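Asker: With the input below, show me the fold.
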Amino acid sequence: MDPGSRRRRAIVAVVAAAASFLALTSTVAAQSPNRELIDGLEYQLLYVALPLTLFVLMILVYAAVKFHDNDNPQPTTEDPALEITWTAATAIILLFVGLSAYSVLVNPYVSPSQANDVETNGSQEGLESIEDLPETDDEVVYAEGYQWEWQATYPGTNVTTENEIVIPAGEDVTFWLTSGDVIHSLFIPDLGVKQDAFPGEYTRARTTVDEPGRYDAVCAEFCGAGHSRMDADVVVVERETYDQWLEDNDGDDGDGDNVTEAPVPG
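Answerer: Numbering: from 1, shown residues only. Model prediction:
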């Protein structure tokens with residue numbers, strides 16, 4: 001087989017593999033608007049980056065093959081039109097990347113401070129206690145990270161869970177996050193949720209989960225020797241199941257710190 005045929009086969013194989021990858025990844029349904037936004041941005045950038053990468057690789061292969069035995073190489077002559085063209089093309093690509101990323105970053109699910117249901121003046125500074133937290137139309141869960149577990153409490157009840165966070169499906173949910181010791185970060189990969197939790201402060205994460213089920217959550221900020229064991233389940237159930245679960249496990253000990261030992265639904 002001649003070298004030219006081998007090169008053509010290699011290029012075709014790379015293109016086919018890339019097309020197969022795009023076809024497979026595009027069939028995975030996002031479970032939340034957060035994940036949908038992030039996946040959409042990744043696909044947009046991939047659709048731009050992949051052709052450019054193949055184009056550059058083909059030029060490199062062409063140059064390596066054509067000039068590999070050139071005994072008298074000459075510098076490239078000046079070509080203002082070409083330089084203007086690739087500078088303008090680079091500027092257009094960067095503008096596209098910036099606008100695509102901006103449209104995702106300002107979304108109220110990715111940046112909850114942009115949500116119009118609370119008045120936070122565009123930031124979350126100064127939220128140092130539950131009393132400071134603004135009212136929201138979302139279902140609210142307070143989540144506290146500490147070495148090395150997650151503890152969730154549910155407003156208006158005496159229910160507290162450890163390493164399991166229960167939320168209703170199909171509704172906007174706000175997680176108010178804080179930490180009892182060092183910096184932690186609640187990361188739910190399948191839902192595209194990631195937010196740091198700071199000692200003495202409250203930060204907000206926001207999502208809507210379409211499908212009931214269990215989703216893995218981990219700490220994404222190194223927080224000590226037990227960091228790798230700091231995981232939890234986000235349990236998403238129908239609204240009726242959620243309300244019934246809260247009612248069944250709402251202890252009346254009056255101190256707001258009743259860690260439920262009843263099975264979590266789902």
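Asker: List the pairing partners of the host helix or strand of Phe187 within its sheet, with orientation.
Answerer: Element membership for Phe187, per DSSP states H and E: strand 184-188. Sheet partners assigned to strand 184-188 using DSSP bridges are listed as strand 193-197 (antiparallel), strand 213-219 (antiparallel).
Asker: Including mean neighbour count, could those strands go into a markdown table?
Answerer: For the C-beta atoms, the positions are set from N, CA and C on the backbone; glycine is no exception. Putting the strands paired with strand 184-188 into a markdown table (neighbours: other CB atoms under 10 Å) gives the following:
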| stretch | mean neighbour count |
| --- | --- |
| strand 193-197 | 21 |
| strand 213-219 | 18 |
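Asker: quick one: low-confidence ranges for the stretch 151-266 of the chain?
Answerer: For the stretch 151-266 of the chain, applying pLDDT under 70 flags the ranges 251-266.
Asker: what about Asp64, how many neighbours?
Answerer: Not quite, residue 64 is Ala, not Asp. Other residues near Ala64 number 9, with proximity taken as other CB atoms under 10 Å.
Asker: now the helices: where do they sit in the stretch 1-150 of the chain?
Answerer: Using DSSP state H, counting those that start in this stretch, the helices of the stretch 1-150 of the chain run over 3-25, 33-67, 80-105.
Asker: Relative to Ile167, how far out is the spatially most central residue of the chain?
Answerer: Centroid check for the chain by CA atoms, centre = their mean gives Gly192 as the closest residue, at 3.2 Å. Gly192 sits 15 Å away from Ile167, going by CB to CB, to the nearest Å.
Asker: now Val104
Answerer: Taking CB to CB, one finds Val104 at 23 Å from Ile167.
Asker: And the two? Which one has more around it.
Answerer: Ile167 (24 against 18).
Asker: Quick check: Glu83 vs Ala89, distance?
Answerer: Applying CB to CB to Glu83 and Ala89 gives a distance of 11 Å.
Asker: How is this protein divided into domains?
Answerer: 3-66+85-105, 130-259 (automatic domain parsing).
Asker: ok, and which of those domains has the densest surroundings?
Answerer: domain 130-259 (a mean of 18; mean count of other CB atoms under 10 Å).
Asker: so Phe198 touches Asp181, yeah?
Answerer: No. Under the criterion of CB atoms under 8 Å, Phe198 makes no contact with Asp181, lying 10.7 Å away.
Asker: what touches both of those two?
Answerer: Residues touching both Phe198 and Asp181 (CB atoms under 8 Å, 6 or more residues apart in numbering): there are none.
Asker: Can you name the residues that contact the residue nearest to Leu191 when sequence neighbours are not counted?
Answerer: Using CB to CB, 6 or more residues apart in numbering and skipping residues adjacent in sequence, the residue nearest Leu191 is Ser32, 4.3 Å away. Contact analysis of Ser32 by CB under 8 Å, 6+ apart lists 109, 190-193, 207-210.
Asker: farthest pair in the residues you listed?
Answerer: Distance extremes for the contacts of Ser32: the farthest pair is Tyr109 and Asp190 at 14.5 Å, using CB to CB.
Asker: I'd like to know how far Ala49 sits from Val97.
Answerer: Distance from Ala49 to Val97, counting by CB to CB: 9 Å.
Asker: hey, what's Ala143 bridged with?
Answerer: On the basis of DSSP bridges, Ala143 is bridged to Ala152, Leu177.
Asker: Contact partners for Leu105?
Answerer: Leu105 makes contacts with Ser111, as judged by CB under 8 Å, 6+ apart.
Asker: could you check the distance from it over to Leu99?
Answerer: Distance from Leu105 to Leu99, by CB to CB: 11 Å.
Asker: To what extent is Pro80 buried, counted in neighbours?
Answerer: Quick note: Pro80 (other CB under 10 Å) scores 7 neighbours.
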